[in-house]
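Colleague: Sequence first, then the predicted structure:
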Amino acid sequence: MAAWFVDLDGTVFQWGTEEPLPGAIEQLLKWQDRGDQVIFVTQRNGPWARVAQHALQSLGIFDPIVLSNISSPRTVINDQGACAINHEKNAPWVRKEP
């Protein structure tokens, strides 16, 4: 199992909307089905973060954890293997996971 920290706008959703990018939900569901943790991070705050959370639920993501009002750039510090994927804004999910 793995933990994924995934930005919302321009990565999962078309920037500023709740319209999923091609392949995003399918990949998230794959991770969810194998038991991975997916934590969503976004600069959205308050009601806009809740709108995104409800949109994820309606797309089949169970109890999504959304950390809101999180600035960019984001850095992960980890003691046992961390990697970063810089996803081009509003691009489909076509890359293979690390």
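Modeller: Arrived safely, thanks for sending. Numbers count the residues shown, from 1 in each chain.
Colleague: hey, let's count contacts and neighbours off CA atoms from now on
Modeller: OK.
Colleague: Tell me which residue lies farthest from the centre of this protein.
Modeller: residue 79 (22.1 Å; Cα atoms, centre = their mean).
Colleague: could you pull out the strands for this structure?
Modeller: Using DSSP state E, the strands of the chain run over 3-7, 37-41, 65-67.
Colleague: In TSV, list these along with distance to residue 58 and mean pLDDT.
Modeller: Shown next, in TSV, are the strands of the chain (distance: least, Cα to Cα, whole Å; pLDDT from 0 to 100):
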stretch	distance to residue 58	mean pLDDT
strand 3-7	18	93
strand 37-41	15	95
strand 65-67	14	93
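Colleague: I'd like a version of those in CSV, one that adds mean neighbour count as further columns.
Modeller: Formatted as CSV, the strands of the chain follow (neighbours: other Cα atoms under 10 Å):
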stretch, mean neighbour count
strand 3-7, 16
strand 37-41, 18
strand 65-67, 18
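Colleague: Nearest to residue 87, out of those?
Modeller: strand 3-7 (9.3 Å; Cα to Cα).
Colleague: Outside of the closest one itself, list whatever touches it.
Modeller: With contact meaning Cα atoms under 8 Å, 6 or more residues apart in numbering, strand 3-7 is reached by 12, 36-42.
Colleague: Quick check: the farthest pair among these?
Modeller: Most distant of the contacts of strand 3-7, by Cα to Cα, are 36 and 42, 19.4 Å apart.
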